[in-house]
Every structure is written in C-alpha cells, then in structure tokens.
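Novice: coordinates only, no sequence provided:
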C-alpha cells in the first residue's frame, strides 16, 4: 500500500504512460517539476517502468490509487522547538515567501509548486521558521499549515503613523479570517424564481461607522454608537415594507454597497472627525449585520447577500495590496459566521453569500438569473446622466455588463437616475451629507435623512420603490 499521494503526484500518474515531454505539454509544467513528481511518487512506494527505446514512463502494475482521498499530506512539526524570537530581517527570500503564504494558510504541496521545490525541502523551510520563533502550526481541520499571531511581513516604510498601523492591523485581521474560512464551506443557496412571485431588494450603503458629525450649534447628529440602531431600523423597515408591498417572494437580496467603515487617514484632518479607530469600526458592525441576516433568513425563502467594497475602506499606505480594503473585513467576518452557523448548527441554510473584490462593481443574478443586478459603490460614476460625458459612462457600463438594474451609493443622494436606460438606483447615507453633496450639486433639501432603498422585482423589473429615511428612527 502506497503512502498518500498529493494532488500534483496523482495528476502526474494520470498522464502515464507518457514521455517526459508529453507530461510537460499535458500539465504545462517544467521538466524539473516532472522529475520532482516522478521522484516523489517513487519515494511513496509507487513503482514506475521506463522503456529505453520509446522513453515512455508507465506504472508498474495497476494497483495504484491515483484518485486518492483528496487529503493533503501534513508535516509533523511537533518535535521542533523555537530557539528565539521571530526576526523578519533574518529570513531568506524563500522563507519570507513561505511565511507570507502561511499567514492565510497553505499546503505543503501548493508551496512546493509555487517554489518549484520538492515537498521535503518545503517541510524543512517550515521547520526552520518554527526554530526561528515563528508560530508555525498544522491545522488538521482545515488541512493546511499556518502561522499564528499578529506578525505581518512588511518593509520598514509601513511603520510609524496611525494609518500604517491600521494597515498592519488590517493584514493581521484579514489573514486570520482567511485561515478560519479555509475550514468552512462557502455559504450557498439556490436562487430560484417562481412565475408570479417577486424578489425583494434592500440596498444599504455608506454607513461610515467611525464618523462623528457635529452641527454648527454643537449638536451631535451622527456617531458610531448610532450605527447598530440604524442597521436594526433598516432591517425592521425593509421587512415591514415587504409586507406592505404584498407580494410573495422567492429571494431577498441584501446589497451592502461599501463604505460600511469610514477608515482612518482617508483625507487630511480626518482624525478630528472620528470617534473610533478602524478595529472598533469593524467590530461595531458585526452583530447588527448578523441580526439583519438572521431576520431576513427567517422571513424569506432565500437570502442572497451581495457585498461591494467602497473607497473609504481602501488601505492607502504605500505598498499595500489593491485588495486591501477594510470593508472586506466586515463582509468576510459575517460570511465566516454564517458559514459556521450552517456547519455547526444547521442554521441559515437558505443564505447565499457573494463578496466583490476591491474593484468597482459586483454583478449578481435576480429572478433566478432572468435579470442581472449590477452593484457599484459609485465613486467612479456620477449620479447624473445629464451631460454627454456622464451619459457615455453609463452607456459604456450597460454595454459591458448588460445589467437590468444598477445600484450605487457613495454620493449620499437618493433616487432614480434620470435617463433612458435600465433603472439606476442611487441610495444615500444615514450620515448627514454636508459639504460633499453640496459640492456635487445634486443634493435636494429634505426634512429627513436617507438611510436605505428597498423595492420589489418581478420578471419584468422593478415593481415598487421605497426610500427608507429616518422619520420613524429612534436611537436607543
């Protein structure tokens, strides 16, 4: 009986009988990688035959399980003791690469493929890192190796200011979320459509947790402590209006449109407008958003959560990843919680989760795929289509994405963008807009502050449109 094969080794064996050149062409790998995989399967007890006349490799016998059980081999690191504290400056380039990959979890096989090394060499890298004091551990549940702790591998230019500290915190928190999610399954549910029924949409965006707004008379009109009440109020109003709308529903779409946090250091002098740091901003959103998911899961047959990162979430220290966005921490934290509820408690099984990357949009199916929704944060689009340049932008978006309904926030204005194309829903922010909207020249004076937008969707499009404002909002 052979030792468990890696995916790469099984892939190699499935190519046989073949010459080395044929394996290179089939798998798209280097000749040295073919040799490493060949040596690897031999080390695990697989006998190979080589025909000198044809240069063909084949399996000696037919009792090798090339399918395997999909369980990656995990290294034994229990006998390795740390001999000091971790020092990033002492890492070789390859050790540094391995350490960075371990921050989100990685398999020995994937590291070997990335580095074009034998797996035994990668295991030695892991053992060396642990000897140097890095908290390398084997996660048997997620079937990968990872590094525990708050270490982030960055150059010295990212240290010193509060913004850079926020960036380091983001990476540490994001990596921890990524490690935990590898042990979970994606929250998925079928997004079906029944003739005669509708979908229900709730668009919530630009919460700006962390912002502190005081009027000229000194009255505080917005602060982080209010945000959970705003989310709970949106949940209650949306479900209430869905009942008033009077339709039967297949799917409720929860659109979280970005700038859920306000971040730190986005503009000069922002620290004077904050009442909480980034970690507090992220934490304050988790429970009320999870309550929203649970309430919708109880009310609707299926819940489709679509998330789009905003521009305030961007981590702006030089050298950061384009995917570094604090909104993603909020979204992934909720996603992980939903996935854990599904696995551990058989709860929230009707919830589907789709997280957009740190880019401008996320497309999603409505009415079982008969319609396409297009969710943008909105910083790269104007909430008007009245000029030729703005009209051209929206026409380009329509041609590229072929959407039926589009949604955007960012501009802190509410309503339908007037143009001859498919509906574009602009949703405001519960944060008082002030000078930003005045500069845009699109704000309309109102007695009430916009909070969210909800509406129904039939197979033919929007069936009702209900802006949610603060006229009945009472903070606790």
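Specialist: Perfect, thanks for sending it. Just so it is clear, the structure is predicted and the values come from calculations on it, not from any experiment.
Novice: got the confidence number for the residue sitting nearest the centre point of the chain?
Specialist: For the chain, the residue nearest the mean C-alpha position is residue 355 (4.6 Å; C-alpha atoms, centre = their mean). At residue 355, the model reports a pLDDT of 87.
Novice: same for the helix or strand containing residue 38, what does it pack against?
Specialist: Per DSSP states H and E: residue 38 is located in helix 31-43. Here helix 31-43 touches helix 7-15, helix 20-27, strand 48-51, going by 3 or more C-beta pairs under 8 Å, 6 or more residues apart in numbering; DSSP states H and E. Placement of C-beta: from N, CA and C, glycine included.
Novice: I'd like the average pLDDT over it.
Specialist: Helix 31-43 comes out at a mean pLDDT of 85.
Novice: biggest helix in this structure by residues?
Specialist: helix 278-299 (DSSP state H).
Novice: following it, which helix or strand comes up?
Specialist: strand 302-307.
Novice: chain center to the helix or strand following that next one, what's the gap?
Specialist: Heading C-terminal from strand 302-307, the first helix or strand you meet, by DSSP H and E, is helix 326-345. Between the centre of helix 326-345 and the centre of its chain there are 10 Å (C-alpha atoms, centre = their mean, to the nearest Å).
Novice: mind splitting this protein into its structural domains?
Specialist: Under automatic domain parsing, the residue ranges defining each domain of the chain are 7-59, 88-172, 198-469.
Novice: who's in contact with the closest residue to residue 55 other than its chain neighbours?
Specialist: Of all residues not flanking residue 55 in the chain, residue 19 sits nearest, at 4.9 Å (C-beta to C-beta, 6 or more residues apart in numbering). Contact analysis of residue 19 by C-beta atoms under 8 Å, 6 or more residues apart in numbering lists 54-57.
Novice: roughly how far does residue 19 sit from residue 360?
Specialist: 47 Å (C-beta to C-beta, to the nearest Å).
Novice: kindly report the same for residue 101.
Specialist: Distance from residue 101 to residue 360, by C-beta to C-beta: 28 Å.
Novice: could you do residue 393 as well?
Specialist: 11 Å.
Novice: out of those two, which sits in the busier spot?
Specialist: residue 360 (18 against 15; other C-beta atoms under 10 Å).
Novice: what's across from the residue nearest to the centre of the chain in the sheet?
Specialist: residue 307 (DSSP bridges).
Novice: contact partners for residue 113?
Specialist: 8, 33.
Novice: which SS state does it fall under?
Specialist: State at residue 113, reduced to three classes by DSSP: H, G, I helix; E, B strand; the rest coil: helix.
Novice: and the gap between it and residue 128?
Specialist: 20 Å.
Novice: so which helix or strand of the chain has the lowest pLDDT on average?
Specialist: Lowest mean confidence among the helices and strands of the chain (mean pLDDT, DSSP states H and E): helix 435-440, at a mean of 40.
Novice: quick check: what element follows that one along the chain?
Specialist: Trace forward from helix 435-440 with DSSP H and E and the next one is strand 450-458.
Novice: so what strands line up beside the next helix or strand after that next one?
Specialist: Sequence-wise, the next helix or strand downstream of strand 450-458 (DSSP H and E) is strand 461-469. Looking at strand 461-469 with DSSP bridges, its paired strands and their directions are strand 450-458 (antiparallel).
Novice: same question for the strand it pairs with, mean pLDDT?
Specialist: On average, the pLDDT along strand 450-458 is 95.
Novice: what's the burial count for residue 346?
Specialist: Residue 346: 8 neighbours (other C-beta under 10 Å).
Novice: just residue 12 next, same as before
Specialist: Count around residue 12 with other C-beta under 10 Å applied: 26.
Novice: was I right to think it contacts residue 26?
Specialist: No. Under the criterion of C-beta atoms under 8 Å, residue 12 makes no contact with residue 26, lying 9.4 Å away.
Novice: what do these two both touch?
Specialist: By C-beta under 8 Å, 6+ apart, no residue touches both residue 12 and residue 26.
Novice: rewinding a little: of the domains of the chain, flag the one that's most buried.
Specialist: Ranked by mean neighbour count under mean count of other C-beta atoms under 10 Å, the domains of the chain are led by domain 198-469, which reaches a mean of 19.
Novice: alright, I will stop here.
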